[in-house]
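J.: From the sequence below, what's the structure:
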Amino acid sequence: MHLRKIWENLRSSLWFRPVLWVIALTSLAFVLIIVDRTQSASFQPIASLSWYFAGDPDGARTILGSIATGMLTVTTLAFSIMMVAVVQTANAYSPRLLPQYLSDRANQHVLGILIGTFLYSILVLRVVRSTTEFQFVPLLATNVSVLLALLSTAAFIFFINHASHSISVSNIIRLISDAAADIIEKEAIFPENMGEAWSGEEPPPFPPEPPAVLKAEAGGYIELIAANPLLKAAVAAGAVVRLEAGIGDYILPGRPLATIWPASACTDDLATAVHGAILLGRQRSLIQDLLFGIRQLSDVAVRALSPGINDPGTAVHCIDSLALLITRWLQHERVSPYRCYDGRLRLIAPTPSFADILDNAYSQIRYYGSGDMDTTLRLLEVYAEIGSLTAEARDKAVLWQHVERLMQTAAHNISGAGDRALINRQLALTAKAFAQDAYSLMLEIEG
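T.: Modelled structure (predicted):
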């Protein structure tokens, strides 16, 4: 589990891919210098070509020095542009989006190419010799530095275009949506891959013995729960383990972390296994936390609805993206919190319900967008569209509760007679989709 977390941190860090480029181009410099020293005679046939540099040490120093100076300047400019984009993203959308933006692979590769070309040129430059007794010009390595300069120029042009598009709201929403969708489609919703789901309609019976309560030793957000080690530890101890907190919850030291039946099964080995299977961090992450991705989209919508920005179009875009995620979740098989091994209950893990997902997605948008007609109308439409995709009566009931709350807040914040008429018209269509009577929720229109 910890290795997976380390790997995720490496992939999302700003320095990981640039370091790989630096190592690769530094190694290339050493290899080509050795080739120039041992195989220089092999390149004589191509020395007459017009594009091939075959000059003296002063010419090589001029080329390599110019490339190194230019790359250092361009790298500084690229880093400054990226930092401006980061600040713009944090101010305009949400500071919680910084990990996704900093982990942009394109930006990291460009920085790696620029820094790697600079170091390559410096390493080749240092071996150029022009004394009365000895003269050495690494011709092959110098010509490759020119090719790397061309590659860096193309990378920088790409970076300028990419940076200008990366701070657009559509790109930000896409980054978050893709990360959240991966949790549903690829990573599997926790605890889907933990043992077998309980097959009965009713919850399995609990052991009659009194339980033991295992408390948290440290505080932090639950970023990751290792399914298989936790299940194996419960089976080996002959215990039933119920986790008292789920992915994304904040744990205080001393708070109940897990309840274990029977109490006699709560050995030091099992306690160590439970603590080791739950990874705590300083902030939420998108490794297993679907609700965090949904909340990030909600944050972007709320920021767009703030009085200083007034961008209901972005809020509607977020509402649509959230609806797509909710639809994918509904199409995914519901994950049972009761996990078994060989037909016996072993683990109980909290899972997000439909009500949890809908609250995280739309409650804040409903509250802060209650005075905006476009946001209210789109929420009514989306509730009806999501309701048509589920056959569960309890899901429809949750959706209708959100419709009722939306109309209650709209009654206090939308005053125009024309706007109220449009909302009432859409409410009637939404109520028809739910087979509900909307008369009591209709907004009053004076006159």
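J.: ranges for the strands of the stretch 51-200 of the chain?
T.: Taking DSSP state E, counting those that start in this stretch as the criterion, the stretch 51-200 of the chain contains strands spanning 129-130, 135-136, 196-197.
J.: next one: the helix or strand just after the last one to chain centre, how far?
T.: Put plainly, it is strand 196-197. Along the chain past strand 196-197, the next helix or strand (assigned with DSSP states H and E) turns out to be strand 212-215. Going by CA atoms, centre = their mean, to the nearest Å, the spacing between the C-alpha centre of strand 212-215 and its chain's C-alpha centre is 32 Å.
J.: what does strand 212-215 contact?
T.: Surrounding strand 212-215, the residues in contact under the criterion CB atoms under 8 Å, 6 or more residues apart in numbering are 254-260, 262-263, 265-266, 271, 274-275. Heads up, the C-betas are built off the backbone N, CA and C, glycines and all.
J.: In its sheet, which strands sit next to that strand, and in what direction?
T.: strand 256-261 (antiparallel) (DSSP bridges).
J.: Could you give me the buried positions within the helix or strand following the partner strand?
T.: Scanning forward in sequence from strand 256-261 by DSSP H and E, the next helix or strand is helix 268-277. Residues 270-271, 273-275, 277 are the ones in helix 268-277 that count as buried (16 or more other CB atoms under 10 Å).
J.: Show residues contacting helix 268-277.
T.: Everything outside helix 268-277 that qualifies as a contact, by CB under 8 Å, 6+ apart, is 1, 214, 217, 225-226, 229-230, 232-234, 236-237, 239, 241, 257-258, 260.
J.: For stretch 306-326, list every residue counted as buried.
T.: Using 16+ other CB under 10 Å as the burial criterion, the residues of stretch 306-326 that qualify are 311-312, 314-323, 325-326.
J.: From start to finish, how long is stretch 242-252 in a straight line?
T.: In terms of CA to CA, to the nearest Å, the two terminal residues of stretch 242-252 are separated by 18 Å.
J.: got the buried residues for stretch 197-207?
T.: When neighbours are counted by 16+ other CB under 10 Å, the buried residues of stretch 197-207 are found to be 197-198.
J.: quick one: average pLDDT of it?
T.: When pLDDT is averaged along stretch 197-207, the result is 76.
J.: What lies in contact with it?
T.: 240, 261-262, 335-336, 338-340, 345.
J.: gap between the two ends of that stretch?
T.: According to CA to CA, stretch 197-207 extends 18 Å from its N-terminal end residue to its C-terminal end residue.
J.: same question, stretch 236-249
T.: Using CA to CA, the gap from the first to the last residue of stretch 236-249 comes to 27 Å.
J.: sorry, back to before: most surrounded residue in the contacts of strand 212-215?
T.: Of all the contacts of strand 212-215, the highest neighbour tally under other CB atoms under 10 Å goes to residue 258, namely 28 neighbours.
J.: is that one in a bridge, and if so with what?
T.: Taking DSSP bridges, one finds residue 214, residue 243 as the beta-bridge partners of residue 258.
J.: For residue 121, which non-adjacent residue is closest in space?
T.: Excluding the flanking residues, the one nearest residue 121 by CB to CB, 6 or more residues apart in numbering is residue 68, at 4.0 Å.
J.: what's the spacing between residue 236 and residue 228?
T.: According to CB to CB, to the nearest Å, residue 236 and residue 228 sit 12 Å apart.
J.: How about residue 107?
T.: Shown here: residue 107 relative to residue 228, a distance of 35 Å by CB to CB.
J.: Between the two, point out the one with more neighbours.
T.: Neighbours per residue (other CB under 10 Å) separate residue 107 from residue 228, with residue 107 holding more: 24 against 12.
J.: For the stretch 251-400 of the chain, give me the ranges with low pLDDT.
T.: When residues are selected by pLDDT under 70, none of them lie in the stretch 251-400 of the chain.
J.: would you list every one of the helices in it?
T.: With DSSP state H, counting those that start in this stretch as the definition, the stretch 251-400 of the chain shows helices at residue ranges 268-277, 290-304, 312-331, 354-368, 373-387, 393-413.
J.: To residue 247, which of the ones you listed lies closest?
T.: With distances scored as CB to CB, the stretch of the helices of the stretch 251-400 of the chain nearest to residue 247 is helix 290-304 (7.7 Å).
J.: How far off centre is that closest one?
T.: With CA atoms, centre = their mean, you get 12 Å for helix 290-304.
J.: now it against helix 354-368, angle please.
T.: Interaxial angle of helix 290-304 relative to helix 354-368 (axes from the mean of the first three to the mean of the last three CA atoms, to 10 degrees): 10 degrees.
J.: what's near enough to touch the residue nearest to residue 314 when sequence neighbours are not counted?
T.: Closest residue in space to residue 314, ignoring its immediate chain neighbours: residue 304 at 3.7 Å, by CB to CB, 6+ apart. For residue 304, the contacting residues are 169, 311-315, 318, by CB under 8 Å, 6+ apart.
J.: tell me which residues in stretch 74-93 are buried?
T.: Applying 16+ other CB under 10 Å to stretch 74-93 flags 74-75, 78, 81-82, 85-86, 89, 92-93 as buried.
J.: residues making contact with it?
T.: If you take CB under 8 Å, 6+ apart as the criterion, stretch 74-93 is touched by 97-98, 101-102, 107, 110-111, 114-115, 118, 152, 156, 159-160, 163, 166-167, 169, 172, 299-300, 303, 309.
J.: List only those of the residues you listed flagged as buried.
T.: Among these, the ones that count as buried by 16+ other CB under 10 Å are 97, 101-102, 107, 110-111, 114-115, 118, 152, 156, 159, 163, 166-167, 169, 172, 299-300, 303.
J.: Can you tell me which of the buried residues of stretch 74-93 comes closest to residue 360?
T.: Using CB to CB, residue 93 is the member of the buried residues of stretch 74-93 that sits closest to residue 360, with 17.2 Å.
J.: any idea how far the closest residue to the closest one other than its chain neighbours is from residue 343?
T.: With CB to CB, 6+ apart as the criterion, residue 93 has its nearest non-adjacent residue at 4.9 Å, and that residue is residue 300. Between residue 300 and residue 343 the distance, using CB to CB, works out to 45 Å.
J.: Tell me if I'm right that residue 281 and residue 220 touch.
T.: Yes. Applying CB atoms under 8 Å as the test, residue 281 and residue 220 come out as touching, 5.5 Å apart.
J.: neighbour count winner among those two?
T.: The neighbour count for residue 281 versus residue 220, taken as other CB under 10 Å, is higher for residue 220 (17 against 14).
J.: Contacts only, for that one.
T.: When contacts are counted by CB under 8 Å, 6+ apart, residue 220 touches 250-251, 280-282.
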